[in-house]
Structure formats: structure tokens, C-alpha cells
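Asker: test case, fold it:
(one chain, ligands or ions: 1)
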Amino acid sequence: MFANAPTWTTARIDLLKSHFEAGLSCREIAASIGVSRNAVIGKLSRLRLTRETTGDEPPPNRPAKERRPKPGPRRQYEMLRVVYREKDPADDAAVVSEHRCSLFELNQERCRWPISTPGAEDFCFCGNTPLKGMPYCRGHTRLAYRPGSRQRVARG
Ligand SMILES: [Zn+2]
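Answerer: Coordinates of the predicted model:
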């Protein structure tokens, strides 16, 4: 064995170049010349013989779509959620309207839940302090938005 015998003789380099230009793969060139594939790759690299990459480029970066919830006030929904989450034993009790008022006295600070029958003489509104962002007080908000029952009739 000639330990110092160069792997790449002039003849082999010529073969390498011709095979490379012929379009042979590194494996095929290696087999043809009788050297390892790694040797072919290394030599091609040193000779700066590189093939143009085709289709190996990474796809262009696409900005990931952010799925953010749409901004916007969901105050009423949140309010209802809070109301329903609270466990209050008085929830099912009749709502006490201690500040009843007439239609003309209604304003933003008064629950507009109608008491009694519309058109009746004693017709009035609840008048309690409404929940923030809601037209009704806490008790009437529950009644108004209770799923399955729009209006509750006092039991008994
Ligand atoms: Zn009310």
C-alpha cells in the first residue's frame, strides 16, 4: 500500500470533472473513479464545482396568520356571564323594586323593567340601579336574559 499515494491523481481529477460535467451524481462518479462518495463531494467542493440547486430553496416566509379574537366591546356578554356565574340564594326570589318610577322618570340610572301590566293605572318601572351597561338592575337582568324564560311570574 502506498500510504502517501494521493487519492486525486490528475487522471482521476480529469475523470471527476468530465463525469461531473456529464451530469453524473456524486455516487456514480465515486463508483466510476473508485473513490468514496465523500471524497468526490470533498473534491468537488475544493474545485468549486457545484451544481445549481434546483427546487431546494426553502419556501418564502409567510407571516403566520394570527387568530386573535376580534376586538370590540363584549361588555354586555361579560356582564351576563358574571351574573349567571354568581351563585346567589336570592336569585330566585322576586326582585324587589324599591325605587319604582314612571316612564317619564326613567333614565340611564334606573332599571326600566316594567312593573305591573302596561296600560294599567299603577304601571311603573323598577327604577333600581341598573347594572353597568345594562338597561335593567341585577335581578331584572337575570329575568330578562334567563335562557328559556323571558318573564318570570311570581310563584305562589
Ligand atoms: Zn329592576
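Asker: quick check, residue 20 in contact with residue 30.
Answerer: No. Using C-beta atoms under 8 Å, residue 20 is not in contact with residue 30, being 11.4 Å away. Glycine gets a C-beta too; all of them are placed from N, C-alpha and C.
Asker: could you pull out the buried residues of the least confident helix or strand in the chain by mean pLDDT?
Answerer: Between all helices and strands in the chain, the lowest mean by mean pLDDT, DSSP states H and E belongs to helix 75-85, at a mean of 71. For helix 75-85, a neighbour-count test (16 or more other C-beta atoms under 10 Å) marks 79-80, 83 as buried.
Asker: partner strands of whichever helix or strand comes after it, parallel or antiparallel?
Answerer: Reading on from helix 75-85 to the C-terminus, the next helix or strand found by DSSP states H and E is strand 114-115. Note on strand 114-115: by DSSP bridges, its sheet partners are strand 124-125 (antiparallel).
Asker: helix or strand right after the partner strand?
Answerer: helix 138-145.
Asker: any part of that following helix near the ion?
Answerer: Yes. Using C-beta under 5 Å from the ion, helix 138-145 reaches the ion at residue 140.
Asker: how does the chain divide into domains?
Answerer: Using automatic domain parsing, the domain ranges for the chain come out as 10-46, 96-150.
Asker: reformat the ones you listed as TSV; add mean pLDDT.
Answerer: Formatted as TSV, the domains of the chain follow (pLDDT from 0 to 100):
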stretch	mean pLDDT
domain 10-46	92
domain 96-150	85
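Asker: switch those domains over to CSV; also include mean neighbour count.
Answerer: CSV is the format used below for these (neighbours: other C-beta atoms under 10 Å):
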stretch, mean neighbour count
domain 10-46, 15
domain 96-150, 15
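Asker: fine by me, we can end here.
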